[in-house]
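Enquirer: Structural data only, the sequence is not supplied:
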């Protein structure tokens, strides 16, 4: 009975560690599957649509500024106006189609230049695949005070789609990181529909097949790491308590097998998370055997071995 009372008192004093671990683990799942913008089609759709619509609103403010449009059309804009347009995270073009033919008067990017076929289309908002990606196109013809027509176009990037990819040119969504890992733009009407500010459907979002190595978002990763630390700290304190009451040998018989069991479990299950999602745990970089199959596994095993040695000491 004295041992039961001792263990009960220990849980009263240190059970908070397990409670914190449970809460951290719960919140990690909430961030991963409910609050993350890459968790579900509805969340991804909301993120993409909000990003596109905010740029539409910003472009409509420019369309209402006839003085600015006139200065862009005739090349009389000042440095301040140019710098402000240069900072935009979407692309703005101004052109004229008069007696002297079609001419592009202004652009704020070197990334892409719209072709004549885009300028010839009717005013409106639509979705277009261009040479380097997918864009929401917003075109408007504005009549200036002098009677001339000014063609204004915004290209709002949605997803880059390069023919050749590298560390600098990646085929990814502009609205957020790693959306492309789970979702893509659908070739046909299916899935969640992303709409323009006016309510017109721009494109549909399709889920990719389940990946072999799923990734956690950064918040979920840190929450699970802290949960694991709390659990290991609880085990450490409990082993010390057993050692103080019943000797080192019984403490080791509790401590070592439990730590080894958790480590073996992490080889086959994502406990506390899937380590393969990190480059350090990639077997193609370093792999010796089933136990030391990556640099990350070598690091974890070395830390656990050091922990056991220090515990014995």
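Expert: Structure received. Everything numeric here is computed off the predicted structure, so don't read it as measured data. Numbers count the residues shown, from 1 in each chain.

Enquirer: in which helix or strand would I find residue 194?
Expert: Counting by DSSP states H and E, the secondary-structure element that holds residue 194 is strand 192-195.

Enquirer: next helix or strand past that strand?
Expert: Counting by DSSP H and E, the next helix or strand C-terminal to strand 192-195 is strand 201-207.

Enquirer: That next one pairs with which strands, and in what direction?
Expert: When sheet partners are counted by DSSP bridges, strand 201-207 sits next to strand 183-185 (antiparallel), strand 192-195 (antiparallel).

Enquirer: Just send these back as JSON lines, with distance to residue 222 and mean neighbour count too.
Expert: To be clear about C-beta, it is placed using only N, CA and C from the backbone, and glycine gets the same treatment. Rendered in JSON lines, the data for the strands paired with strand 201-207 read as follows (distance: least, CB to CB, whole Å; neighbours: other CB atoms under 10 Å):
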{"stretch": "strand 183-185", "distance to residue 222": "24", "mean neighbour count": "19"}
{"stretch": "strand 192-195", "distance to residue 222": "29", "mean neighbour count": "19"}
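
Enquirer: Could you measure from residue 248 over to residue 159?
Expert: Look at residue 248 and residue 159: by CB to CB, to the nearest Å, they are 60 Å apart.

Enquirer: between the two, which one's more packed in?
Expert: residue 159 (20 against 14; other CB atoms under 10 Å).

Enquirer: Relative to residue 58, how far out is that one?
Expert: Using CB to CB, one gets 20 Å for the distance from residue 159 to residue 58.

Enquirer: cool, residue 230 as well?
Expert: 45 Å.

Enquirer: Pull the residues that contact the strand holding residue 194.
Expert: By CB atoms under 8 Å, 6 or more residues apart in numbering, the surrounding residues in contact with strand 192-195 are 41-42, 44-45, 48-49, 52, 201-205.

Enquirer: mind running it again at 6 Å?
Expert: Counting by CB atoms under 6 Å, 6 or more residues apart in numbering, the neighbours of strand 192-195 from elsewhere in the structure are 41, 45, 48-49, 201-205.

Enquirer: Which among these count as buried?
Expert: Buried positions within the contacts of strand 192-195, assessed by neighbour count (16 or more other CB atoms under 10 Å), are 45, 48-49, 202-205.

Enquirer: Find the pair from those residues with maximum spatial separation.
Expert: Comparing all pairs in those by CB to CB, the longest separation belongs to 49 and 204, at 12.0 Å.

Enquirer: Show me the shaky parts of the stretch 151-300 of the chain.
Expert: 210-217, 284-285, 287-288 (pLDDT under 70).

Enquirer: that older thread, for the strands paired with strand 201-207, which one sits closest to residue 234?
Expert: Of all the strands paired with strand 201-207, it is strand 183-185 that lies closest to residue 234, at 38.8 Å by CB to CB.

Enquirer: which residues touch that closest one?
Expert: Here strand 183-185 makes contact (CB under 6 Å, 6+ apart) with 44, 134, 203, 205-208.

Enquirer: So residue 138 sits against residue 125, correct?
Expert: Yes. Between residue 138 and residue 125 a contact is recorded at 4.9 Å, counting by CB atoms under 6 Å.

Enquirer: all helices for the protein, in order.
Expert: Along the chain, the stretches classed as helices by DSSP state H are 2-30, 41-64, 66-74, 79-86, 116-119, 218-246, 248-268, 295-312.

Enquirer: counting contacts, what elements does the third one pack onto?
Expert: Right, the one you point to is helix 66-74. Applying 3 or more CB pairs under 6 Å, 6 or more residues apart in numbering; DSSP states H and E, one finds that helix 66-74 makes contact with strand 91-98.

Enquirer: most centrally placed residue in this structure?
Expert: Centroid check for the chain by CA atoms, centre = their mean gives residue 177 as the closest residue, at 2.9 Å.

Enquirer: By neighbour count, which bits of stretch 93-113 are buried? Give me those.
Expert: Buried positions in stretch 93-113, judged by neighbour count with 16+ other CB under 10 Å: 93-97, 105-108, 112.
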